[in-house]
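**Student:** Give me a 3D structure for the following:
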Amino acid sequence: MLHIILGILKVIAIILGILVGLVLLLLLSLLLVPLRYQGKLQKDGNGVAGRGKITWLAHGLSVLILYEHGEFRMKLRILGIPAERLKGLVTRLGKIRFRRKKTQPETKKQLKTASSEETKLPYNTLEEHTEEKEETLQGGRSVQAALEEREIPANEDKKNKFAAFLEKLKVILYNLFHLPEKILAAVRNIYSTTGEIYGRMKVFLELIKSEEFLGARTLLWGQLRILLRRLGPTKIKGTLSYGFDDPALTGQVLAGLSFFYPKYGDRLRIYPYFDRKILETDLYLRGRIYGVHLLAVAWKLYRDSNIKYMIKRFKHKEE
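**Tutor:** Sure, this is the predicted structure:
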């Protein structure tokens, strides 16, 4: 008996070990296997066209995004099989049922019995039912004709109109009498809301001037730059021709693009036009994203005391 229990426990331990191993393998794949992306963008006189592709786990999961003639299209593949085909396969498997013996359904039997009972009903009952309907219809017509022939006295009509006029006059006088109270209530509501807004603005200004906010902002900007450097495209090539109505704006954009020149200057050609408005491009980019980089940034933000302080303040403010 003991060896049977030990054998069952051994099987359970093996199954649990396999499940834990699969979970660890999935977590390691999410952290260490990169999510690769690539895209191509073209803009000229004919319009805009774009194509992007995201793959993960050696093309085990791939998403293709297309933009042509003003329409987006997306295609998903799992292990190289289109998602539409997998969906059709699942629906076909769900429709498979066990074969049953060919027997007469109960509904058909019930219909047959009901039809046989209807045929057995006597003909006299049907005539009596139709006669009753005709009598009720005639009675309804006679009542309606009597109501139409009835004439309402002129004095009674005048009394009803005068009573309705008095009710309307009463409502108007009541509203005029209570109008100052309504105006005072509206003014008080406006004053209270403006006071609340001013108090919240004061608290917000004090919060953004605090040392905790400045420290959290510095950390966020630093981690964002690190994340963009790690997750940014590893390869960019193509041309970019642009220009605005304001030459100063064209120069400002050129100054912003100059930050990327040390990394992509030899493969990306930029042509600024200061005398006309234009935007034409033919770009290709490729890069990858590691989950461990996202986890490292999230862990640093979670461990920072300034971030925790800001979260507590916002929660307290909402409560």
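
**Student:** Low-confidence stretches in this structure?
**Tutor:** Counting by pLDDT under 70, the chain shows low-confidence ranges at 97-159, 316-319.

**Student:** domains for it, by residue range?
**Tutor:** The chain breaks down by automatic domain parsing into domains covering 35-92, 151-209, 211-282+290-318.

**Student:** Now render those as JSON lines, adding distance to residue 7 and mean neighbour count.
**Tutor:** No exception for glycine: its C-beta is placed from N, CA and C like everyone else's. Listed next are those as JSON lines, based on distance: least, Cβ to Cβ, whole Å; neighbours: other Cβ atoms under 10 Å:
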{"stretch": "domain 35-92", "distance to residue 7": "36", "mean neighbour count": "13"}
{"stretch": "domain 151-209", "distance to residue 7": "64", "mean neighbour count": "10"}
{"stretch": "domain 211-282+290-318", "distance to residue 7": "40", "mean neighbour count": "13"}
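
**Student:** May I see those arranged in CSV, with distance to residue 16 as well?
**Tutor:** Shown next, in CSV, are these (distance: least, Cβ to Cβ, whole Å):
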stretch, distance to residue 16
domain 35-92, 25
domain 151-209, 49
domain 211-282+290-318, 26
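
**Student:** To residue 25, which of those domains lies closest?
**Tutor:** Each of those has some distance to residue 25 by Cβ to Cβ; the shortest is domain 35-92, at 11.1 Å.

**Student:** Over to the closest one now: how far is its first residue from its last?
**Tutor:** This stretch, domain 35-92, spans 32 Å end to end (Cα to Cα, to the nearest Å).

**Student:** mind checking how far residue 206 is from residue 212?
**Tutor:** According to Cβ to Cβ, to the nearest Å, residue 206 and residue 212 sit 11 Å apart.

**Student:** Check which helices and strands the helix or strand containing residue 224 sits against.
**Tutor:** Residue 224 is located in helix 211-231, with elements delineated by DSSP states H and E. The elements that helix 211-231 packs onto, with contact taken as 3 or more Cβ pairs under 8 Å, 6 or more residues apart in numbering; DSSP states H and E, are helix 291-303, helix 305-318.

**Student:** between those helices, which gets nearest to residue 164?
**Tutor:** Residue 164 lies closest, by Cβ to Cβ, to one member of those: helix 305-318, at 51.8 Å.

**Student:** Centre of the chain to that closest one, how far?
**Tutor:** Remark: helix 305-318 is offset 27 Å from the chain centroid, using Cα atoms, centre = their mean, to the nearest Å.

**Student:** likewise stretch 275-286?
**Tutor:** 32 Å.

**Student:** cool, stretch 5-20 as well?
**Tutor:** Relative to the chain's own centre, stretch 5-20 is displaced by 42 Å; criterion: Cα atoms, centre = their mean.

**Student:** Please apply the same query to stretch 30-43.
**Tutor:** Averaging C-alpha positions (Cα atoms, centre = their mean) puts stretch 30-43 24 Å from its chain's average.

**Student:** before we move on, what about stretch 76-84?
**Tutor:** The chain centre lies 24 Å from the centre of stretch 76-84; the measure is Cα atoms, centre = their mean.

**Student:** repeat for stretch 305-319
**Tutor:** Distance of stretch 305-319 from its chain centroid, counting by Cα atoms, centre = their mean, is 27 Å.

**Student:** Pull out the CA atoms of that stretch and give them to me as CSV.
**Tutor:** The C-alpha trace of stretch 305-319 is given here as CSV (Å, rounded to 0.1, in the frame of the first residue of the first chain):
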residue,chain,number,x,y,z
SER,A,305,11.3,56.6,-2.9
ASN,A,306,10.3,59.8,-4.8
ILE,A,307,8.0,57.8,-7.1
LYS,A,308,6.4,56.1,-4.1
TYR,A,309,5.8,59.4,-2.4
MET,A,310,4.1,60.8,-5.6
ILE,A,311,1.9,57.8,-5.9
LYS,A,312,0.8,58.1,-2.3
ARG,A,313,0.0,61.8,-2.7
PHE,A,314,-2.1,61.2,-5.8
LYS,A,315,-4.0,58.4,-4.1
HIS,A,316,-4.7,60.5,-1.1
LYS,A,317,-5.8,63.3,-3.4
GLU,A,318,-8.3,61.1,-5.1
GLU,A,319,-9.7,59.7,-1.9
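
**Student:** contacts for that stretch?
**Tutor:** For stretch 305-319, the surrounding residues in contact (Cβ atoms under 8 Å, 6 or more residues apart in numbering) are 203, 207, 212, 213, 215, 216, 219, 301.

**Student:** Please consider this matter closed, and thank you.
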